[in-house]
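K.L.:
sequence and computational prediction follow.
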Amino acid sequence: MKMKSVNTAIALLIAASMAISVLAAVTWVNHDTRQTVFNEGKESMNNMVAQTMTALDNYIVQTDEMAHMLASQQAVADALAGRDALPASGLFKDFMATSSGYWAAFVFDRNGQVVAGYNAKGQDMTGADRSSRGYVKAVLSGKSDHFLSNDILISKSGGGILIFAAASVVRDHTGEIIGGVGLFPKWEHFTSKFVDPFRVAGSGYAYMLDHKGRMIAHAVNKDLYLKDVSDLEFVKIALSAKTGEATYTWEGREKYMVFNTAPTTGWKVVMSAYEDDLAAAAHNQRDKLAAGGAALGVLLVTVLIFAMRRTIINPVKNILEYASEVAGGNLQARLEGRYRFELQSLAGQIEVMVRELKNKLGFSQGVLNGLSLPCSILGPDHKLIWVNKQMMEMVGRTGSPEDYIGVSGGSFFYDDESDDREVLSDQAIREQRRKEAEIEYARVGESKNVHVVTTPFYDMDGELLGALGIWIDITEIRAQQKQIEEQNGRISQAAAEAEEVSQRLSSAAEELSAQIEQAKNGSDTQRSRAQETATAMEQMNSTVLEVAQNASSAAEEADTAKQNAQDGEDIVRRMIEAVGGVQAQADNLKTSMEELGKQAADIGQVLEVITDIADQTNLLALNAAIEAARAGEAGRGFAVVADEVRKLAEKTMTATSEVGNAISKIQAMTRDNVAATEKAVFSVSQSTELANDSGRALAEIVGRVEVAADQVRAIATAADEQSATSEEINRATDEINQIAIEASQVMDQASNAVLEVATMASRLNGIIESMGG
């Protein structure tokens, strides 16, 4: 689940931290307490086993001494010696009447016959045969003066009570064995006092095993008496050693036992208990600590969350709302609320950033609004996001620019609603490079020649924002260029034909000169012809003057073309200035990014201070833990708190380190943005250089137009010179007229040549007229 609220995230973080801290403390205390309680339980079990073993040893010694005491009575010896048995009978009767812990006591002779004795029911046992009993054989064999059975028996005459046998030898005054005393203690007399009452950890109990692995005592289940349990694993463990402890699984739960062995009988005293019961007190303490810790944690979390909401969450929420308003385009929004600590600096920096953003956006909007050329911007989705009035007028659109926001380039420029029609800006966005082309545009009205330049632009992270397209109407320039080219062609052709006519005219003039030389003594007729020739030359002179006037007009047209080219050069110069403004804006953006990097570095310094404080807190917590350790048991609780403070300090250091890493990443990204801004500045510089190249190209066009104008002027000058030459020819004709009297006959021959000259002049006149076009 992705959390969208920092309040929830911080609350969960604090709650998780408190929960982890409380859980760690409870776990540690529970483990320590459990171990302590468990050890105390084991010690208690060992003490119970030791007490039972001591009681068992005393019980066995007491039984043996009691048998020996009865065997040493004179009445017993007299009864075995064949004297009066009544004193011995009275002795055993009184003993049984006053000793409730025994089932039977009697004296038997060398044949195993009971001489005197009673059982707990008051029955006289005199005459009973006990010769087959093991204790009788053991005593009468003389191997030992004392006998103690290691088997617990069921008394048939006693209604199934458990007993065991003890015997002591009886000797006469010579030391000869004359019989023995048999004593049968009630086993339950011991187990009811030293096995059944013992409990540990509620369900723990004691039991006893004999050397064969039979259950001879059990505090809980009496049905197990005298049953063979030697096949059980924990019984095998107990039988394999004299003393020890072991852990085993019983009915799915871990159980702990301690055991010891009576050296006289080989009986095992065992105390067992479930491990979780032994640690029950620790578990209860754990539950209480957990409940208390949870309550304290809830209280602390509530206080911390309340404090965080007042000092951090609410200010951050206000900043977030302010940022959302600004991001939504409401640059008139105000940052409300009071801010403290680093948030005060953050709020101030955000307000400064928004003011700077307003300045940047205002500048950008001013630049766009100030563009007098037709412009449009396509977004990365190939939809129109901005267009000015000039562009709408050029493409014949009505309404306001906002009416066309969101339409495709093909739809706006060509009324093509399909996605297949691409404009130059679409190509620039797709290829992510500058595109430039000259197109013929004829959506409405007459066709136009348009020079289109479109350039993709990016944000500070290198993300494509769109492509700016600028249209320049060069229809008039192209028309003038075409007209100039046509005029240049006509002038070139006329010059070539004029050269040919001039050559032929020169040839004819030479021929005429020769004929006139031959007719230097011409006639009156020749003089008349000469006069006609003078008149024709005056007409040609007038024609040449007209050619000169037409050439001057062509020169004026060339000057007009030059002025138009200069106007284009001025437009490019203004475009260069606008691109320079964009470059200055990019430089300002670079400065802002560098300032952001400095602010991130300042935050890094604050994090270093927090890290130092966390280090000091950790050191103080360590010192507190040392002092608590010196205080011993009284400082244990304070040591736990100090350890928790130390852990919280370590977590603070870890969190500060993570935030520091995040700030380092922000600084790295800021440096990358500065580098990207520098690249953008370099791209703007390249755009400026390309615009300069365009200016130089237009300047070159201006130069070429000037050269063409100079050539036209040269033609006019040549025409003027030709007019002067014609005047000289006219004067020469006057001289010829003076000598025509002598050349009249020759002039008849030259009339054809003069006619040809007139024809050439007529052709030249036509050529010049075509040049004037």
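P.N.:
Thanks, I have the structure now.

K.L.:
Thr454: which element?
P.N.:
When secondary structure is defined by DSSP states H and E, Thr454 falls within strand 448-458.

K.L.:
pLDDT on that strand, on average?
P.N.:
The average pLDDT within strand 448-458 is 90.

K.L.:
in its sheet, what does the next helix or strand after that strand sit against?
P.N.:
Using DSSP H and E, the helix or strand that follows strand 448-458 in sequence is strand 464-473. Sheet pairing for strand 464-473, assigned by DSSP bridges, gives strand 375-378 (antiparallel), strand 448-458 (antiparallel).

K.L.:
give the buried residues for the longest one.
P.N.:
By neighbour count, and taking 16 or more other Cβ atoms under 10 Å as the criterion, the buried residues in strand 448-458 are Lys448, Asn449, Val450, His451, Val452, Val453, Thr454, Thr455, Pro456. All C-beta spots, glycine's among them, are computed from the backbone N, C-alpha and C.

K.L.:
per-residue pLDDT, the closest residue to the fourth one other than its chain neighbours?
P.N.:
Leaving aside its chain neighbours, His451 sits nearest to Ile472 (4.3 Å; criterion: Cβ to Cβ, 6 or more residues apart in numbering). Among the per-residue scores, Ile472 shows a pLDDT of 90.

K.L.:
cool, Ile516 as well?
P.N.:
Ile516 is assigned a predicted lDDT (pLDDT) of 56.

K.L.:
same check on Ser751?
P.N.:
pLDDT for Ser751: 62.

K.L.:
ditto for Ser528
P.N.:
Reported pLDDT for Ser528: 72.

K.L.:
can you give me the helices for the stretch 451-600 of the chain?
P.N.:
Along the stretch 451-600 of the chain, counting by DSSP state H, counting those that start in this stretch, helices occupy 475-518, 524-631.

K.L.:
list the contacts for Tyr339?
P.N.:
By Cβ atoms under 8 Å, 6 or more residues apart in numbering, the contact set of Tyr339 is Pro315, Leu346, Ala347.

K.L.:
and it, that's in a helix?
P.N.:
No - using DSSP: H, G, I helix; E, B strand; the rest coil, the secondary structure at Tyr339 is coil, not a helix.

K.L.:
quick one, phi/psi of it?
P.N.:
Main-chain torsions, Tyr339, degrees, to the nearest 10: phi -130, psi 140.

K.L.:
hang on, Leu468 packs against Thr455?
P.N.:
Yes - shown here, Leu468 and Thr455 form a contact pair, counting by Cβ atoms under 8 Å, at 5.5 Å.

K.L.:
ok, of the helices of the stretch 451-600 of the chain, where does mean pLDDT dip lowest?
P.N.:
Mean pLDDT per stretch puts helix 524-631 lowest among these, at a mean of 69.

K.L.:
so what are the domain limits for the protein?
P.N.:
72-191, 195-278, 371-473, 481-772 (automatic domain parsing).

K.L.:
to Thr52, which of the ones you listed lies closest?
P.N.:
For the domains of the chain, proximity to Thr52 was assessed by Cβ to Cβ; domain 195-278 is nearest, at 4.6 Å.

K.L.:
now the closest one: average pLDDT?
P.N.:
Average pLDDT, domain 195-278: 92.

K.L.:
picking up where we left off before, out of the buried residues of strand 448-458, who's nearest Ala437?
P.N.:
Among those, and counting by Cβ to Cβ, the member closest to Ala437 is Val452, at 5.4 Å.

K.L.:
tell me the contacts of the closest one?
P.N.:
Contacts for Val452 (Cβ under 8 Å, 6+ apart) come out as Leu424, Lys435, Glu436, Ala437, Glu438, Ile439, Gly469, Ile470, Trp471, Ile472.

K.L.:
which residues does the helix or strand where Ala75 lies contact?
P.N.:
Taking DSSP H and E as the criterion, Ala75 maps to helix 74-80. For helix 74-80, contacts defined as Cβ under 8 Å, 6+ apart pick out 70, 84-85, 87-91, 107, 109, 115-116, 170, 172, 178-179, 181.

K.L.:
can you tell me which of these are buried?
P.N.:
Neighbour counting over the contacts of helix 74-80 (16+ other Cβ under 10 Å) leaves 70, 85, 88-89, 91, 107, 109, 115-116, 170, 178-179, 181 as the buried ones.

K.L.:
and those residues, which is closest to Phe306?
P.N.:
Leu70 (86.1 Å).

K.L.:
that closest one touches Gly182, doesn't it?
P.N.:
No - contact criterion Cβ under 8 Å: Leu70 and Gly182 do not qualify, at 9.3 Å.

K.L.:
now do the same for the residue nearest to Gln599 when sequence neighbours are not counted: its pLDDT.
P.N.:
In space, and not counting its chain neighbours, Gln599 is closest to Gln349: 6.0 Å by Cβ to Cβ, 6+ apart. Gln349 carries a pLDDT value of 83.

K.L.:
SS state for Gln349?
P.N.:
Three-state call for Gln349 (three-state DSSP): helix.

K.L.:
what's the burial count for it?
P.N.:
When neighbours are defined as other Cβ atoms under 10 Å, Gln349 has 15 of them.

K.L.:
do Asp276 as well
P.N.:
Neighbour count for Asp276, taken as other Cβ under 10 Å: 16.

K.L.:
just checking, what packs against the helix or strand where it lies?
P.N.:
Here Asp276 sits within helix 275-278, counting by DSSP H and E. Using 3 or more Cβ pairs under 8 Å, 6 or more residues apart in numbering; DSSP states H and E, the elements in contact with helix 275-278 are helix 6-71, strand 253-261.

K.L.:
now do it: distance to the chain's middle.
P.N.:
With Cα atoms, centre = their mean, to the nearest Å as the basis, helix 275-278 stands 47 Å off its chain's centre.

K.L.:
what about Leu368, which SS state?
P.N.:
Leu368 ends up helix, using three-state DSSP.

K.L.:
what residues are up against it?
P.N.:
By Cβ under 8 Å, 6+ apart, the contact list for Leu368 reads Cys375, Trp386, Asn388.

K.L.:
what's the spacing between it and Pro401?
P.N.:
Using Cβ to Cβ, to the nearest Å, Leu368 is found at 11 Å from Pro401.

K.L.:
tell me, what's touching those two both at once?
P.N.:
Common neighbours of Leu368 and Pro401 (criterion: Cβ under 8 Å, 6+ apart): Trp386, Asn388.

K.L.:
beta partners for the nearest residue to Glu275 once chain neighbours are set aside?
P.N.:
Spatially, and ignoring its direct neighbours in sequence, Glu275 is nearest to Glu254 (4.5 Å; Cβ to Cβ, 6+ apart). With DSSP bridges applied, Glu254 shows beta-bridge pairing to Thr249.

K.L.:
isn't Glu254 right up against Phe234?
P.N.:
No - counting by Cβ under 8 Å, Glu254 does not reach Phe234; the two are 11.7 Å apart.

K.L.:
of the two, who's got more company?
P.N.:
Shown here are Glu254 and Phe234; by other Cβ under 10 Å, Phe234 has more neighbours (18 against 12).
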